[in-house]
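In: here you go, sequence then predicted model.
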Amino acid sequence: MRTKAKRLTLFSAALGVLSTASLATAADRKDASNQSDSGTWIVTLGASVEYGPKFPGSKHDGFSALPSFDIRRFDEPDENSAPDDNIDYGLIDLGRFEAGPVVGIRDSRSQSDDSRLKGIHSVDWDIDAGVFVQYWAIPNQLRFRSEIRQAISNGSGLVIDIGADWFQRLGDRWLLSAGPRASFGNGAYMREYFGISSSEALQNGSLSSFDAKGGLKSVGFTVSAAYDVTPTITLQIYDRFDRLTGDAADSPITSKLGSENQNVIGISLAKAFSVSF
């Protein structure tokens, strides 16, 4: 189970968990894997700093802080994952095939992000939930993954993300990963982030009305490099580039105010703890 969320409130909560976990004895993950106590878990806590678009379609970038969290039993393998995976928990594990619930975070948008959005509806941040499925064509090296998530309360509809990742270990400390991405949004998602009603266009005065339709909204690529500073501390840098397509690219929010090119770069630091319950 892993999480990555773009909210400072969650970041503060993660720091609270980190403070509690730090009371436990930190242990080498390899040593922890050899323990026989079935009540022992490996908890990995960390944080990331990202620099990327302030909202979908924006050409203005900003910083955000993100917590990260992973927990597994001491006898479970430390499975490779991509930096843009959302929260997931594998309820179905058939060897190479896994599936289960997944939770993510929807981006917010307001006039404070860009004054030229005057008159255009704001979008509140939200949690989305759904299911993930993934298949390891080559165990812990080549993975195909899809997430289907529905917004809980802000009306931004359904998204489907698909991708593939190749994981390559270099020596004992480096782990590289790279893979393509594609993302789809239904009509509700596209209208919320890229649509402009006639009344909004009149209030704005510069942007024309736009009826955004559902479909493919972006294609992209993600790369990352992780370095094990110690057996329990990992430093990672990553970059995700997305090119908006279809109505996401044609919307005046993107074509007049923003950019089709969306790039996020981040750096994260994580530490593993051995915790007994």
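Out: Yep, that arrived. Numbering: from 1, shown residues only.

In: distance between the ends of stretch 230-250?
Out: 47 Å (Cα to Cα, to the nearest Å).

In: repeat for stretch 178-191
Out: Terminal residues of stretch 178-191 are spaced 31 Å apart (Cα to Cα).

In: and that stretch, what's buried?
Out: 178-179, 181-191 (16 or more other Cβ atoms under 10 Å). In this view, the C-beta of every residue, glycine as well, is placed from N, C-alpha and C.

In: touching, residue 238 and residue 83? I think so.
Out: Yes. Here residue 238 lies in contact with residue 83, judged by Cβ atoms under 8 Å, at a distance of 4.1 Å.

In: just confirm residue 275 is within a strand.
Out: Yes. Note on residue 275: a strand contains this position according to DSSP: H, G, I helix; E, B strand; the rest coil.

In: next secondary structure element downstream of the helix or strand that contains residue 222?
Out: Under the criterion of DSSP states H and E, residue 222 resides in strand 215-230. Remark: after strand 215-230, the chain's next helix or strand is strand 233-244, criterion DSSP H and E.

In: so what's the gap between the helix or strand following that next one and the chain middle?
Out: Using DSSP H and E, the helix or strand that follows strand 233-244 in sequence is helix 246-250. On the basis of Cα atoms, centre = their mean, to the nearest Å, helix 246-250 sits 22 Å off its chain's mean C-alpha point.

In: related to what we said a few turns ago, other residues contacting the strand holding residue 222?
Out: 82-84, 163, 165, 172-185, 189-190, 234-248, 262 (Cβ atoms under 8 Å, 6 or more residues apart in numbering).

In: run the last query once more with 7 Å
Out: Residues from elsewhere that reach strand 215-230 (Cβ atoms under 7 Å, 6 or more residues apart in numbering): 82-84, 173-185, 190, 234-248.

In: likewise stretch 251-268?
Out: Residues contacting stretch 251-268 (Cβ under 7 Å, 6+ apart): 46-53, 57-59, 68, 83, 114, 116, 194, 196, 207-208, 210, 212, 236-244, 248-249.

In: got the residue ranges for the helices in this structure?
Out: 8-21, 29-33, 187-194, 198-204, 246-250, 252-255 (DSSP state H).

In: residue 100 against residue 94, yeah?
Out: No. Using Cβ atoms under 7 Å, residue 100 makes no contact with residue 94, being 11.8 Å away.

In: out of these two, which sits in the busier spot?
Out: residue 100 (15 against 8; other Cβ atoms under 10 Å).

In: could you measure from the closest residue in space to the more buried one that isn't next to it in sequence over to residue 102?
Out: In this structure, residue 100 finds its nearest non-sequential neighbour in residue 91, 3.9 Å apart by Cβ to Cβ, 6 or more residues apart in numbering. Using Cβ to Cβ, to the nearest Å, residue 91 is found at 11 Å from residue 102.

In: now stretch 87-97: average pLDDT?
Out: Averaged over stretch 87-97, pLDDT sits at 90.

In: any idea which residue is closest to the centre of the protein?
Out: Residue closest to the mean C-alpha point of the chain, counted by Cα atoms, centre = their mean, is residue 84 at 3.8 Å.

In: what's near enough to touch it?
Out: Shown in contact with residue 84 (Cβ under 7 Å, 6+ apart): 222, 240.
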